[in-house]
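Enquirer: Just the structure for this:
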Amino acid sequence: MTSTTVRSVTRTLRGTGPAGQGPAGRRPRRVTRGGLTMAALVAPSIILLVLLNAYPLFNAAVQALHNGSLIGDGPFVGLDNFTKAFGDAAFWKAAQFTLVFTLAGVFGSWAIGLALALLIRTRIPGTGVFKVLLLLPWVVPVVVSATSWNWLVATSTSPIPILAKALGFGDVLFLANPTLAALTVCVFKVWISFPFMMLMTSAALSSVEPTVYEAARVDGATKTQMFTGITLPLIARSTYISWILMTIFCVNDFPTIYLLTGGGPVDATTSLVVLAYRVVFQNFQTGYGVAIAFLMTFVLVFVSVVLYRQIRKSVIH
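Expert: Presented below is the predicted three-dimensional model:
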């Protein structure tokens, strides 16, 4: 691609007009009396929402610093619950699976969603029906999806194990083998998540000006060059946002894992959120369970900040 095409892509990313004065030469907004009035009207609702979220957070922080149960805070132990997590083998095993589950969920669903979004942009027969069918894994309640997948793979008389045996793989029990169970859960997460990524990517692709691609074709750019040099940079901001959201969805995903495997076998599919649930509601160690949840929150905040910085940098210079 020539410098003309690169400059066109750069202006598209930055949203600047020909004079480089901001989006279409837009001037900086000034604070008006009407704006202040609207802010004053919205302020009570914002304050109420902050208070509704601040109290549970404060109460959870208090519980994390105590060795209590569901009926009482218990004695104050400081940061012992947090240090206990770092020395707990079950915590690190759950953290390892959470990492694998999140990476598979984020990048697996993004890759499939991107491919389908590009396919939908092409003129193929029955695009409308195709879009509706692709949304079904996301629209159908997770309880129904998990029940369906259990019917497909749970026992030796399920359809997929029967098919695997017919193909010469022997008795394959997908939810009884630790490795296969983890793989099944990750595939299930990708299956129910790719429609979200497809919608995000489709919205980003619809905002790309066709003239940019036309200029690239005139310059002799190949499809691969247009994909890596135009499509990916132009949808980078939407991509990073979808990664942030999907990371949060995966780390906090309790029903997908619990309904499909319950965290088994031998804790092979126990994520941090499932471990926190067990610690609090089965072992009645509220302080330790809440501490695990806080550690998850810290990691999510860190990942979100890193990806948000990438959003600000996603401009071709």
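
Enquirer: Please name the residues that touch the most centrally placed residue in the chain.
Expert: For the chain, Met246 is the residue whose C-alpha lies nearest the centre (C-alpha atoms, centre = their mean; 0.6 Å). With contacts defined as C-beta atoms under 8 Å, 6 or more residues apart in numbering, Met246 is in contact with Gly105, Val106, Ser109, Trp110, Ser193, Phe196, Met197. From N, CA and C alone the C-beta is placed, and that goes for glycine too.

Enquirer: Can you give me the buried ones in the helix or strand hosting the last one?
Expert: If I follow you right, that is Met197. Element membership of Met197, judged by DSSP states H and E, is helix 178-206. Neighbour-count burial for helix 178-206, with 16 or more other C-beta atoms under 10 Å as criterion, is recorded at 180-182, 184-186, 188-202, 204-205.

Enquirer: and Phe227, how many neighbours?
Expert: Phe227: 13 surrounding residues under other C-beta atoms under 10 Å.

Enquirer: Then it would be within a strand, right?
Expert: No. Going by DSSP: H, G, I helix; E, B strand; the rest coil, the assignment for Phe227 is helix, not a strand.

Enquirer: So for it, what pLDDT did the model give?
Expert: At Phe227, the predicted lDDT confidence score is 87.

Enquirer: ditto for the one 5 residues further on
Expert: According to the per-residue confidence, Leu232 scores 89 in pLDDT.

Enquirer: Over to Ser3?
Expert: 54.

Enquirer: farthest residue from the center of this protein?
Expert: Arg33 (39.7 Å).

Enquirer: OK, contacts around that one?
Expert: Per C-beta under 8 Å, 6+ apart, neighbours of Arg33: none.

Enquirer: ok, now how distant is it from Ala39?
Expert: Taking C-beta to C-beta, to the nearest Å as the measure, Arg33 falls 11 Å from Ala39.

Enquirer: Where does the residue nearest to the centre of the chain fall, secondary structure wise?
Expert: Under the assignment here (DSSP H and E), Met246 is part of helix 236-251.

Enquirer: Just the CA trace of that helix, in PDB.
Expert: Once non-C-alpha atoms are left out, helix 236-251 reads as follows in PDB (Å, rounded to 0.1, in the frame of the first residue of the first chain):
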ATOM      1  CA  ALA A 236      -8.800  -2.700  16.800                       C
ATOM      2  CA  ARG A 237     -10.600  -0.500  19.300                       C
ATOM      3  CA  SER A 238     -13.800  -2.600  19.100                       C
ATOM      4  CA  THR A 239     -11.600  -5.700  19.300                       C
ATOM      5  CA  TYR A 240      -9.900  -4.600  22.600                       C
ATOM      6  CA  ILE A 241     -13.300  -3.700  24.100                       C
ATOM      7  CA  SER A 242     -14.700  -7.100  23.200                       C
ATOM      8  CA  TRP A 243     -11.700  -8.700  24.700                       C
ATOM      9  CA  ILE A 244     -12.200  -6.800  28.000                       C
ATOM     10  CA  LEU A 245     -15.800  -7.800  28.200                       C
ATOM     11  CA  MET A 246     -15.200 -11.400  27.300                       C
ATOM     12  CA  THR A 247     -12.400 -11.700  29.800                       C
ATOM     13  CA  ILE A 248     -14.800 -10.500  32.500                       C
ATOM     14  CA  PHE A 249     -17.500 -12.900  31.300                       C
ATOM     15  CA  CYS A 250     -15.100 -15.900  31.300                       C
ATOM     16  CA  VAL A 251     -13.500 -15.200  34.700                       C
END
